[in-house]
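**Student:** sharing a model that was predicted from the sequence below.
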Amino acid sequence: MKKSKLGKYNTDTFMTKVWMSLSRDFDDLLGCDAFVTYRQIFLSEGVAGLRAIDTRIWDNNTPEFLKCQQQLVHFHKRYTHENDVWSKKELLAQALAKFKATQERIASPIDGGTITFKVLHRARSLAKKILGDYSEEDHMNLCRFGKRACAGHPFRRAYLDMKMRGPLTGSKEHIAWFKKALLSDELLSGIVKDLEASSPDPYVVCESPAMSFVPKTWKSLRSIKPHTLLGSFYTLGFGRLIQERLARCGLDITTLQEKHKEWARESSVSRKLVTADLSAASDSITRELIRKILPLPWFRAAMLGRSEYCTVGKEKFLLNSISTMGDGHTFPLQTLIFYCLVTAIKELVGVKGRVSVYGDDLMYPRAIHRYVCEVFPKLHLILNMDKTFSTSFYRESCGGDYYHGFDVRPSSPEAECQRVTRNQYLVFIYKVLNGLMRRWGKEQLPSTVEYLLTEIIEVDGRILQVPPFFPDSSGYRLAHPIVGNSLFSDIQLMEQDTIQGLSFPYIHVHSDFRPVVSQTIYLWEALRSRSSPTEPSIYDDDTDLLEWLPARTRPRFTTIKARGERVKRLVAHTAIKGNTRIKRQVGSTSRWT
């Protein structure tokens with residue numbers, strides 16, 4: 001949500017009222033004053049008191065009570081209050097200190113005991129079987145240019161056509177590898193030659209990309225290091241190559257999230273599987289670890305993809321990590337390494353059962369948990385015990401939280417305190433409302449839903465109702481439209497030929513468009529995507545799509561010679577990054593009944 005100096009609506013006030021209403025609804029739902037103490041703490045100590053509430057999971061709770069408790073405790077998990085426990089400056093200092101501490105921790109050698117040796121030896125044989133032979137040709141054919149920010153191209157200039165105007169940033173090794181890849185890619189080679197014609201030396205050596213920190217929760221920031229342009233080209237291809245090999249053994253990380261949720265639900269009843277999470281997972285994979293697990297050609301390819309240094313502010317750091325968040329191969333590499341290690345432990349112990357890994361979300365038989373807890377720290381891998389569940393009936397994996405088979409995942413709006421305009425406030429209310437309705441029934445939260453709908457009416461006059469497949473920000477998502485109620489927006493029946501449908505007003509959150517400088521790189525991207533047998537969905541979800549819009553500059557018309565017809569000239573555009581506008585418009589659908 002974009003900040004506005006003129007906004008008169010305070011999101012802190014709104015979030016507090018919603019939370020208070022939720023706590024009263026849950027007391028009524030449970031038939032007792034279960035959360036009176038929570039309200040007293042919030043009223044007397046503010047958000048600091050709320051943050052200090054004990055959030056441990058106890059097995060003597062009912063699923064209904066636990067879901068209510070989790071919702072109250074975590075409603076503000078991803079929301080930062082104006083006077084929260086930590087300031088932005090303090091969070092940044094803590095994140096930097098944690099990053100430094102991790103780099104110092106993993107600098108020491110791996111514990112070379114007998115158990116560690118056996119696990120690594122077995123993990124290496126598993127990795128070799130999964131990966132097969134490394135193919136540089138396959139690697140090159142899977143490479144892409146990232147759609148996000150990278151060294152030399154900040155977020156607001158992170159468009160494919162802008163990136164191909166230079167500079168082509170990368171390490172000396174990345175630049176050499178890219179030039180080698182151009183020899184077998186005529187179209188891309190032509191794009192680079194056009195760049196070289198206008199800029200004699202478009203290649204810029206960058207050995208130390210900048211590290212930054214982005215919000216994760218109210219109490220922590222996530223470290224992320226955007227790669228160089230050619231470094232991201234290399235690592236995205238390497239990541240896709242690992243992903244293809246993983247899919248062959250049943251670990252298709254484009255579809256694994258939903259499977260993890262189902263297995264977590266089942267294990268919250270049977271307790272057969274542990275769900276585990278790692279702290280600083282991506283930063284904890286070291287050169288020594290992958291050297292002992294990956295076959296030599298794959299190890300060399302992984303080493304070529306890394307940045308040896310990073311810069312934080314004006315300070316330069318030597319990275320002991322092999323890959324960090326921001327590198328295109330980090331997620332598949334994590335999945336591979338952790339899967340091989342856990343499977344190796346399972347096979348050495350002689351236990352049967354499922355092992356599955358999605359990034360740093362681990363699932364494995366409960367019988368090997370103590371061995372994982374013993375071996376992983378020797379490899380500089382630390383389990384996050386606050387998010388690892390083995391003995392209780394609670395399981396959490398890939399965004400699914402379950403207790404005794406019941407979904408107890410809370411709704412946690414992501415935002416920070418702002419004073420927003422009317423339209424921004426409406427978007428925020430609808431997001432909170434729809435987020436809660438995904439987790440709860442309207443009859444479970446009567447006063448909360450009444451407050452949210454009343455707030456919408458006071459601000460806007462009527463409640464916009466939209467189909468359930470519309471965005472959370474567009475209006476109140478309903479399975480069936482409400483007709484004849486003056487508090488809700490009108491739904492109009494429309495007929496076109498033999499098709500009947502409904503039209504309705506909604507809020508459209510959108511971006512303006514910019515004309516692209518050159519379309520050739522988008523053609524290259526489209527052809528490259530079509531040639532790939534599988535197109536992963538875990539890398540760049542903000543894909544640059546071309547929109548053909550009327551030209552804004554002269555000539556605004558062109559003539560179709562074959563027909564002698566004069567028509568508006570269309571120009572390729574892409575959505576402007578970081579530019580969000582809110583407007584009302586009318587939508588239609590034939591799928592809403």
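**Tutor:** Arrived safely.
**Student:** all strands in the stretch 1-150 of the chain, in order from the N-terminus.
**Tutor:** Along the stretch 1-150 of the chain, the stretches classed as strands by DSSP state E, counting those that start in this stretch are 9-10, 79-80.
**Student:** helices and strands around the first one, which ones?
**Tutor:** In this case it means strand 9-10. Under the contact criterion of 3 or more Cβ pairs under 8 Å, 6 or more residues apart in numbering; DSSP states H and E, the helices and strands touching strand 9-10 comprise strand 419-420, helix 422-439. Glycine gets a C-beta too; all of them are placed from N, C-alpha and C.
**Student:** export these to a markdown table and tack on mean neighbour count and distance to residue 383?
**Tutor:** Supplementary listing: the helices and strands packed on strand 9-10 in a markdown table, determined by neighbours: other Cβ atoms under 10 Å; distance: least, Cβ to Cβ, whole Å:
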| stretch | mean neighbour count | distance to residue 383 |
| --- | --- | --- |
| strand 419-420 | 20 | 40 |
| helix 422-439 | 20 | 28 |
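**Student:** now those in a markdown table, with mean pLDDT?
**Tutor:** As requested, the helices and strands packed on strand 9-10 are arranged in a markdown table below (pLDDT from 0 to 100):
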| stretch | mean pLDDT |
| --- | --- |
| strand 419-420 | 96 |
| helix 422-439 | 98 |
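**Student:** for residue 26, find the nearest of the ones you listed.
**Tutor:** Evaluated with Cβ to Cβ, the helices and strands packed on strand 9-10 place helix 422-439 nearest to residue 26, the distance being 12.0 Å.
**Student:** would you put the C-alpha positions of the closest one in CSV?
**Tutor:** As requested, C-alpha coordinates have been extracted for helix 422-439 and formatted as CSV (Å, rounded to 0.1, in the frame of the first residue of the first chain):
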residue,chain,number,x,y,z
ARG,A,422,-10.3,6.7,1.5
ASN,A,423,-9.6,4.3,-1.4
GLN,A,424,-6.5,2.9,0.2
TYR,A,425,-8.5,2.4,3.4
LEU,A,426,-11.2,0.5,1.6
VAL,A,427,-8.7,-1.8,-0.1
PHE,A,428,-7.2,-2.5,3.2
ILE,A,429,-10.6,-3.3,4.9
TYR,A,430,-11.5,-5.6,2.0
LYS,A,431,-8.2,-7.4,2.3
VAL,A,432,-8.6,-8.0,6.0
LEU,A,433,-12.3,-9.0,5.6
ASN,A,434,-11.6,-11.5,2.8
GLY,A,435,-8.6,-12.9,4.6
LEU,A,436,-10.6,-13.6,7.7
MET,A,437,-13.5,-15.1,5.7
ARG,A,438,-11.0,-17.6,4.2
ARG,A,439,-10.3,-18.9,7.7
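**Student:** what about the closest residue to residue 514 other than its chain neighbours, how many neighbours?
**Tutor:** Once flanking residues are discounted, residue 514 sits nearest to residue 576: 5.2 Å by Cβ to Cβ, 6 or more residues apart in numbering. Counted by other Cβ atoms under 10 Å, the residues lying close to residue 576 total 14.
**Student:** relative to the whole chain's centre, how far out is stretch 401-413?
**Tutor:** The chain centre lies 19 Å from the centre of stretch 401-413; the measure is Cα atoms, centre = their mean, to the nearest Å.
**Student:** please enumerate residues in contact with that stretch?
**Tutor:** Contacts with stretch 401-413, where a contact means Cβ atoms under 8 Å, 6 or more residues apart in numbering, come from 15, 57, 61, 63-64, 66-67, 70-71, 73-79, 264-269, 393-396, 399-400, 428, 431-432, 435-436, 438-440.
**Student:** distance between the ends of it?
**Tutor:** Its start and end residues considered, stretch 401-413 measures 17 Å (Cα to Cα, to the nearest Å).
**Student:** just the buried positions in that stretch, please.
**Tutor:** For stretch 401-413, a neighbour-count test (16 or more other Cβ atoms under 10 Å) marks 401-404, 406, 408-413 as buried.
**Student:** what is the most widely separated pair among those?
**Tutor:** With Cβ to Cβ as the measure, no two of the buried residues of stretch 401-413 lie farther apart than 404 and 413, at 26.7 Å.
**Student:** the lowest-mean-pLDDT helix or strand in the chain: what's the following helix or strand?
**Tutor:** None of the helices or strands of the chain scores lower by mean pLDDT, DSSP states H and E than strand 492-496, at a mean of 82. Proceeding N to C from strand 492-496, the next assigned helix or strand is strand 499-510, under DSSP states H and E.
**Student:** mind listing the strands for the stretch 351-500 of the chain?
**Tutor:** With DSSP E, counting those that start in this stretch as the criterion, the stretch 351-500 of the chain has strands at 356-358, 361-365, 382-383, 394-397, 400-403, 406-407, 415-416, 419-420, 465-466, 476-477, 492-496, 499-510.
**Student:** could I get those as JSON lines with distance to residue 89?
**Tutor:** Supplementary listing: the strands of the stretch 351-500 of the chain in JSON lines, determined by distance: least, Cβ to Cβ, whole Å:
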{"stretch": "strand 356-358", "distance to residue 89": "34"}
{"stretch": "strand 361-365", "distance to residue 89": "32"}
{"stretch": "strand 382-383", "distance to residue 89": "27"}
{"stretch": "strand 394-397", "distance to residue 89": "31"}
{"stretch": "strand 400-403", "distance to residue 89": "32"}
{"stretch": "strand 406-407", "distance to residue 89": "38"}
{"stretch": "strand 415-416", "distance to residue 89": "14"}
{"stretch": "strand 419-420", "distance to residue 89": "21"}
{"stretch": "strand 465-466", "distance to residue 89": "40"}
{"stretch": "strand 476-477", "distance to residue 89": "38"}
{"stretch": "strand 492-496", "distance to residue 89": "52"}
{"stretch": "strand 499-510", "distance to residue 89": "31"}
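**Student:** nearest to residue 288, of those strands?
**Tutor:** Smallest distance to residue 288 across these (Cβ to Cβ): 16.3 Å, for strand 382-383.
**Student:** for that closest one, packing partners?
**Tutor:** With contacts taken as 3+ Cβ pairs under 8 Å, 6+ apart, strand 382-383 sits against strand 273-279.
**Student:** for the record, mean pLDDT for the strand it packs on?
**Tutor:** Taken as a whole, strand 273-279 has a mean pLDDT of 97.
**Student:** now it: buried residues?
**Tutor:** Within strand 273-279, the residues that count as buried by 16+ other Cβ under 10 Å are 273-279.
**Student:** with those residues in mind, which one is nearest to residue 179?
**Tutor:** Sorting the buried residues of strand 273-279 by how near they are to residue 179, with Cβ to Cβ, puts residue 278 at the top with 37.1 Å.
**Student:** list the residues that contact the closest one.
**Tutor:** Residues counted as contacts of residue 278 (Cβ under 8 Å, 6+ apart) are 284, 338, 360, 362, 376, 381-384.
**Student:** just residue 280 next, same as before
**Tutor:** Residue 280 makes contacts with 98, 102, 382, as judged by Cβ under 8 Å, 6+ apart.
**Student:** before we move on, the earlier item: which residues does the residue nearest to residue 514 contact?
**Tutor:** Residues in contact with residue 576, defined by Cβ under 8 Å, 6+ apart, are 511-514.
**Student:** buried members of these into ChimeraX, please.
**Tutor:** Here the buried members of those are turned into a ChimeraX selection, burial being counted by 16+ other Cβ under 10 Å:
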select :513
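**Student:** from the contacts of residue 576, which is closest to residue 141?
**Tutor:** Each of these was scored against residue 141 by Cβ to Cβ, and residue 514 proved nearest at 30.1 Å.
**Student:** picking up where we left off before, what about the strands of the stretch 351-500 of the chain, which gets the closest to residue 153?
**Tutor:** Nearest of the strands of the stretch 351-500 of the chain to residue 153, taken as Cβ to Cβ: strand 499-510 at 23.5 Å.
**Student:** continuing past that closest one, what's the next helix or strand?
**Tutor:** Note on strand 499-510: by DSSP H and E, the next helix or strand toward the C-terminus is strand 513-515.
**Student:** how close does the nearest residue to residue 575 once chain neighbours are set aside sit to residue 66?
**Tutor:** The shortest distance from residue 575 to any residue that is not its chain neighbour, by Cβ to Cβ, 6+ apart, is 4.0 Å, and that residue is residue 511. Between residue 511 and residue 66 the distance is 40 Å, computed by Cβ to Cβ, to the nearest Å.
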